[in-house]
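Peer 1: the following block contains a protein sequence and its predicted model.
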Amino acid sequence: MSKYDGYMGKVLFIDLAKKTFEEFPWSDEDRKRTLGGKVMAGDILYHHVRPGMTAWDDDNWLVITTGPLTGCGVPSSSRFNISTISPLTGVLTSSNSGGDFGLMLKRCGYDGCIITGKAKTPTRIHITEDNVEFLDASELWGMECTPAQEALPREFAKLVIGPAGEHKVLYAAVLSGERCSGRGGVGAVFGDKMLKAVTAKGFKHPSVYDKESLIKLCRKWTKTMRNHPISGRQLPVLGTAGLVSPMEARGLLATKNFSDGHYEDFDMVSGETLSEEKLIRNSGCTTCVMQCTRRCYVDGKDVKGPELEILGLMGPNILNNDLQKIIDWNYWIDEMGMDAISTAGTVAFAMELHEKGLWDSGLEFGKNDNITDMIKAIAHREGPGDELANGSRKMAEKFGGMDFAIQSKGMELSAYEPRRAVGQGLGYAVSNRGGCHLNAGYLVFIEGLGLDIDNLTPNGKGALCVMFQNLMEAISAAGLCLFTSYPVFPGYVFDHPNAPITKVVTWAMPHLGPIIKIINQHGNLFQLYIPLIPHTKAIEKATGMRMKLGGYLTIGERGWNTERVANMILGQQPGADKLPKKLTDTCQDPNDPRTKVPLDVMLKSFYDNRQWNNGAPTAKVLKRLKIDIPSKDVYPYAY
Amino acid sequence: MIKVRMFGVVRLGSGVKEFETDTNHVKTVSDCFDILNIQSAPNADKFTFDDSQVFVNHTRTTKKDYAVKDGDEVWLMSPAAGG
């Protein structure tokens, strides 16, 4: 049990090989240090991993975690996290999803669940309040994600894999309803463990420390989000798909495997066209006030529509202007159980390999009639699909083309072309889980999309990147959607993009590096509450735990450092924070030398802000964050 | 001719995708909004330079009186985010 409300007070440890379960020790001190979610999972894995360990080891743990706000009635709080060693990158991955599994896991009485070992035959784990069952899943094995979920009782919350997970595609996803835990191949780890599904059904509810105040706060917070130009207008009206045209306007729309940032036919695959011609209605995650999901038809079926990532990466990035085809591919990628970003990035890389005469998979830029078949071939590891199933880094190691394999640490980048948002480029390079736009800190939001700070200067980007990463990490740890961070910026600056105050804010941000560095390195000094970040007060009201801005940012920083050290224990070397040469050495606009990512300059500032030495957390920062320093033989960088 | 294209909430709110005009009707980027609001449906949202992001030939301008010329393509859009 926990002295804090909001938590269920127990973490479940399940051994698939032995078919046993027990309680995993997790104390209130641990809760205070990590909050939950991604940071909690990272901490658990940090204490578990050892040099040389891989995704396929029997004791590679799948760590499924919720946050203290999950199930407490806070807006957009249905998120849960799955962390494990990624087969795609070889280091930790964390994949966050908005399905209903996290809510139901808490209703079963657990804040998290760790799965170890491997089953010998296809298995479904079923979790209830008092029991864990190990059930035969032979009849589900081979099924696509929707049929597999439909074959299970409707009242259960579910996690399932599709054929891609079963065939250990390195970027296979896990689905909960229609929501994907995609990045890093958690689905492949499920498949390797012969784990087709995890289901849960319970009736408990977390207690709330100060229910009346929390309800009051949530009402106000919901109102703020609904009135905000981004969370209340753009996301509900256009979804993330609404980014295609703003990205095109700023040269950020990855085109032809990141060869350019502009695509002539962009409007044929834009969010506006999607809304005008294909949209049936909106939907979204449980408890969410934004409802940013688009719903479209595929063969007459009402299905989840495409997000920005796949619109960009399966549109301009492969020179395809057929919107319905993207909607169809999005559906099939989900049905196969794959990460859409890595699938699309790998397809684009295969096309450039073909163009350069290095390898012919049958995929070519501008040719879109064989992609549905390729998606299925990847999932089943058939023909050339078997190569694409390994992701672009491994393909480059085999066929060449590493300079234009658009990945970082083995994970494919999302659709933002970083040569026109260099801070986003820095984020891609340093992201712990690899080329992820969110783990990156999502500076592109202030480098042109929402705000308009100088997108090409390296100045201040290291400091801003660290601050945003820490904040987003903490938001994740609480069990909240990252989109709740948009109202951190007052709506006024978006409603009045040309107003003098907006101009001052956007001009000033890159110049605030030294001040932001103080926040980054001395977060605990800021024991204050900022109404624009109601997350901290919600945590206090839900749990009874003291939580101010400084402590919150420190939890995010702790998460970042724990994951980084775990990655280095697993074998990541200093110097791993890099981007393909196409993005760092070649200008997007040959006439503008600033249109490439000045990574070296920004890395120096980033490491300085993080108090890292060439990408490795130092003893000083680990001590400050109260992170156990590993022994010298596994982590020599702190000695 | 000057081509004016709408994106984001500006397009969905006004119901106008694009229109063409010329320097007899439009001298500055701000004037484009006058035509947009005339063309949009009676009950549609109205937009102004102050609440929109404006691009001329792929370059953002924050100047209301930015002069447009024949051959320009003007984009009127709203700030956006996602991920």
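Peer 2: Now that the structure is in, tell me what you want to look at.
Peer 1: what does chain B have sitting close to chain A?
Peer 2: B:5, B:7-9, B:11-12, B:17, B:49-55, B:58, B:60, B:62, B:64, B:75, B:77-83 (CB under 8 Å from any CB of the partner chain). C-betas here are computed from N, CA, C, even on glycine.
Peer 1: what subset of the residues you listed is buried?
Peer 2: B:5, B:7-9, B:11-12, B:49, B:51-55, B:60, B:62, B:75, B:77-83 (16 or more other CB atoms under 10 Å in any protein chain shown).
Peer 1: looking at the residues of chain B next to chain A, which are in strands?
Peer 2: Secondary structure from DSSP state E places B:5, B:53-55, B:60, B:75, B:77 of the residues of chain B next to chain A in strands.
Peer 1: report the two of the residues you listed separated the most.
Peer 2: Maximum pairwise distance in those, criterion CB to CB, is 14.5 Å, between B:5 and B:60.
Peer 1: got TSV for the ones in strands among the residues of chain B next to chain A, with distance to residue A:148 and pLDDT too?
Peer 2: What follows is these, written out as TSV (distance: CB to CB, whole Å; pLDDT from 0 to 100):
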residue	distance to residue A:148	pLDDT
B:5	44	97
B:53	44	93
B:54	49	96
B:55	46	96
B:60	47	93
B:75	44	97
B:77	41	94
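Peer 1: what strand or helix carries residue 38?
Peer 2: Chain wasn't specified; assuming chain A. helix A:37-46 (DSSP states H and E).
Peer 1: that's the wrong chain, I meant chain B
Peer 2: helix B:29-39.
Peer 1: residue contacts, residue A:222?
Peer 2: For residue A:222, the contact set (CB atoms under 8 Å, 6 or more residues apart in numbering or on different chains) comprises A:75, A:289.
Peer 1: which strands and helices sit next to the host helix or strand of residue A:394?
Peer 2: When elements are assigned from DSSP H and E, residue A:394 belongs to helix A:391-399. Using 3 or more CB pairs under 8 Å, 6 or more residues apart in numbering or on different chains; DSSP states H and E, the elements in contact with helix A:391-399 are helix A:340-355, helix A:385-388, strand A:407-408, strand A:411-412.
Peer 1: hey, what's residue B:55 bridged with?
Peer 2: For residue B:55, the beta-bridge partners are residue B:60, residue B:75 (DSSP bridges).
Peer 1: which ones are touching the nearest residue to residue A:514 once chain neighbours are set aside?
Peer 2: Closest residue to residue A:514 in three dimensions, ignoring its sequence neighbours and counting by CB to CB, 6 or more residues apart in numbering or on different chains: residue A:463, at 7.7 Å. Residues in contact with residue A:463 (CB under 8 Å, 6+ apart) are A:512-514, A:516-517, A:520, A:605, A:609.
Peer 1: which ones among those lie within helices?
Peer 2: If you go by DSSP state H, the contacts of residue A:463 have A:513-514, A:516-517, A:520, A:605, A:609 in helices.
Peer 1: among those, name the buried ones.
Peer 2: For those, a neighbour count by 16+ other CB under 10 Å gives the buried set as A:513, A:516-517, A:520, A:605, A:609.
Peer 1: take those and lay them out in JSON lines including pLDDT.
Peer 2: Output for those, formatted as JSON lines (pLDDT from 0 to 100):
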{"residue": "A:513", "pLDDT": "93"}
{"residue": "A:516", "pLDDT": "95"}
{"residue": "A:517", "pLDDT": "95"}
{"residue": "A:520", "pLDDT": "94"}
{"residue": "A:605", "pLDDT": "97"}
{"residue": "A:609", "pLDDT": "97"}
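Peer 1: and the residue of the stretch 151-300 of chain A nearest chain B?
Peer 2: residue A:240 (3.2 Å; CB to the nearest CB).
Peer 1: shouldn't that residue be in contact with residue A:486?
Peer 2: No - if you go by CB atoms under 8 Å, residue A:240 and residue A:486 don't touch, sitting 11.8 Å apart.
Peer 1: and chain A, what are its domains?
Peer 2: Domain segmentation of chain A under automatic domain parsing yields A:11-200, A:239-412, A:421-638.
Peer 1: tell me which of those sits nearest to residue B:71.
Peer 2: domain A:239-412 (17.0 Å).
Peer 1: where in the stretch 151-300 of chain A is pLDDT low?
Peer 2: Within the stretch 151-300 of chain A, no stretch has pLDDT under 70.
Peer 1: contact partners for residue 10?
Peer 2: Since no chain was named, I'll use chain A. So residue A:10 contacts A:1, A:23, A:26, A:109-111 (CB under 8 Å, 6+ apart).
Peer 1: ah, no, chain B please
Peer 2: Per CB under 8 Å, 6+ apart, neighbours of residue B:10: B:36, B:47, B:52, B:76-78.
Peer 1: repeat that for residue A:151.
Peer 2: Contacts of residue A:151 by CB under 8 Å, 6+ apart are A:139-140, A:143.
Peer 1: now render these as a markdown table, adding pLDDT.
Peer 2: Listed next are the contacts of residue A:151 as a markdown table, based on pLDDT from 0 to 100:
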| residue | pLDDT |
| --- | --- |
| A:139 | 97 |
| A:140 | 98 |
| A:143 | 98 |
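Peer 1: in PyMOL, how would I select the buried members of these?
Peer 2: With 16+ other CB under 10 Å as the criterion, this PyMOL line picks the buried residues out of these:
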select buried, chain A and resi 140+143
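Peer 1: next, format the contacts of residue A:151 as JSON lines and append distance to chain B and secondary structure.
Peer 2: Listed next are those as JSON lines, based on distance: CB to the nearest CB, whole Å; DSSP: H, G, I helix; E, B strand; the rest coil:
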{"residue": "A:139", "distance to chain B": "37", "secondary structure": "coil"}
{"residue": "A:140", "distance to chain B": "32", "secondary structure": "coil"}
{"residue": "A:143", "distance to chain B": "30", "secondary structure": "coil"}
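Peer 1: for the buried ones among the ones in helices among the contacts of residue A:463, which one is nearest chain B?
Peer 2: Distance to chain B across those (CB to the nearest CB) is lowest for residue A:516, with 20.2 Å.
Peer 1: for that closest one, give its distance to residue A:92.
Peer 2: Going from residue A:516 to residue A:92 by CB to CB, to the nearest Å gives 26 Å.
Peer 1: same thing with residue A:249?
Peer 2: Relative to residue A:92, and taking CB to CB, residue A:249 is found at 36 Å.
Peer 1: the two: who's more crowded?
Peer 2: Per other CB atoms under 10 Å in any protein chain shown, whichever of residue A:249 and residue A:92 has more neighbours is residue A:92, with 28 against 25.
Peer 1: any idea what the more buried one is bridged to?
Peer 2: Beta-bridge partners for residue A:92, by DSSP bridges, are residue A:85.
Peer 1: pLDDT below threshold where in the stretch 351-500 of chain A?
Peer 2: Using pLDDT under 70, nothing in the stretch 351-500 of chain A is flagged.
Peer 1: which residues of it lie near chain B?
Peer 2: Counting by CB under 8 Å from any CB, the stretch 351-500 of chain A sits next to chain B at A:437-438, A:442, A:445, A:449-452, A:482-483, A:486, A:494-499.
Peer 1: mind redoing it with 6 Å?
Peer 2: Counting by CB under 6 Å from any CB of the partner chain, the residues of the stretch 351-500 of chain A lying close to chain B are A:438, A:442, A:445, A:449-450, A:486, A:494-498.
Peer 1: what about those, which are in helices?
Peer 2: A:494-495.
Peer 1: which ones among the residues of the stretch 351-500 of chain A next to chain B map onto strands?
Peer 2: Going by DSSP E, the strands hold none of these.
Peer 1: helix or strand: which one has the closest residue to chain B within the stretch 501-639 of chain A?
Peer 2: Closest residue of the stretch 501-639 of chain A to chain B, CB to the nearest CB: residue A:503 (6.4 Å). Assigned by DSSP H and E, residue A:503 falls within helix A:500-508.
Peer 1: now do residue A:199
Peer 2: strand A:195-200.
Peer 1: direction included, what does that strand pair up with?
Peer 2: Strand A:195-200 has these strand partners (DSSP bridges): strand A:123-127 (parallel), strand A:157-160 (antiparallel).
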